[in-house]
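Peer 1: got a structure for you, letters missing:
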């Protein structure tokens, strides 16, 4: 299948591309800077931004005889540094507007499947996050990211498409490992130090695009 990825030049996005290609899929990646991705077989790189619906349309039609069957979004808000208290430098509703543009483009081209990397603690999973993590988010600029993800959550559930909003716990580097599932809201078992490797998340994002097992759900995942 062909998959369109938005956010493919990010740390998790590149791993999604690696995993999807390894499985024999073909990929179109919409990126602001084409040289941020290594050219390779079965990867079509299109310059643009998901904040412009026309750019997403351009990426969808870049391979006119092989339109994407699904979209994977691994975007995340940018901060000035990796410090959670540093300034947020992404525009407001970056995630929400990007997802809305993707859905509009999907409907124009009869694409029904979208998989978005969200985060544990978003929307109705917030009460089940450890209070120390909730406090850190509320007192830092990360709160803007969680608000943006929450807007995606609300709007995607009303979109009418087959969405999967994946809610990984704290991300870390490392090899792909077995995934533990904690329902749609992480009601039990997710602790303060729960984590998951980016490669594990990337593998699951591709699983969710290829299969219908998690359609219209918000799975909380950890290792």
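Peer 2: Now that the structure is in, tell me what you want to look at. Just so we're clear, the structure is a prediction, and the values are computed from it rather than from any experiment.

Peer 1: got a list of what residue 164 touches?
Peer 2: Residues in contact with residue 164 (Cβ atoms under 8 Å, 6 or more residues apart in numbering) are 114, 115, 116, 208, 209, 214, 215, 216, 217, 218, 219. Every C-beta, even on glycine, is put in place using the N, C-alpha and C of the backbone.

Peer 1: try 10 Å this time
Peer 2: Neighbouring residues of residue 164 by Cβ atoms under 10 Å, 6 or more residues apart in numbering: 70, 72, 113-118, 156, 204-205, 207-209, 211-219.

Peer 1: what subset of those is buried?
Peer 2: Among these, those classed as buried by 16 or more other Cβ atoms under 10 Å are 70, 72, 113-118, 156, 204-205, 207-209, 214, 218-219.

Peer 1: pLDDT (mean, whole number) over the helix or strand hosting residue 100?
Peer 2: In the assignment (DSSP states H and E), residue 100 maps to helix 94-108. Mean pLDDT, computed over helix 94-108, is 97.

Peer 1: begin at 19 from now on, thanks
Peer 2: Fine by me, first position is 19 from now on; the one you just mentioned is helix 112-126.

Peer 1: please name the bridge partners of the residue nearest to the spatial centre of the chain.
Peer 2: The C-alpha lying nearest the average C-alpha coordinate of the chain belongs to residue 135 (Cα atoms, centre = their mean; 2.6 Å). Here residue 135 sits in beta bridges with residue 184, as judged by DSSP bridges.

Peer 1: how about the contacts made by it?
Peer 2: 25, 28, 30-31, 34, 90-94, 113, 167, 182-186, 189, 216, 219-220, 222-223, 226.

Peer 1: what of residue 233?
Peer 2: Contacts of residue 233 (Cβ under 10 Å, 6+ apart): 130, 131, 133, 179, 180, 181, 182, 226.

Peer 1: can you do 8 Å?
Peer 2: Taking Cβ under 8 Å, 6+ apart, one finds 131, 180, 181, 182 in contact with residue 233.

Peer 1: on the three-state scheme, it is what?
Peer 2: Look at residue 233: counting by DSSP: H, G, I helix; E, B strand; the rest coil, its state is coil.

Peer 1: and residue 189, that's in a helix?
Peer 2: No: secondary structure of residue 189 (three-state DSSP): strand, not part of a helix.

Peer 1: and the residue nearest to it when sequence neighbours are not counted, backbone torsions?
Peer 2: Leaving aside its sequence neighbours, residue 189 sits nearest to residue 216 (Cβ to Cβ, 6 or more residues apart in numbering; 5.5 Å). Backbone torsions of residue 216, given as degrees, to the nearest 10, read phi -60, psi -40.

Peer 1: can you pull the pLDDT of the residue lying farthest from the centre of the chain?
Peer 2: What lies farthest from the middle of the chain is residue 83; by Cα atoms, centre = their mean that is 25.8 Å. pLDDT, residue 83: 95.
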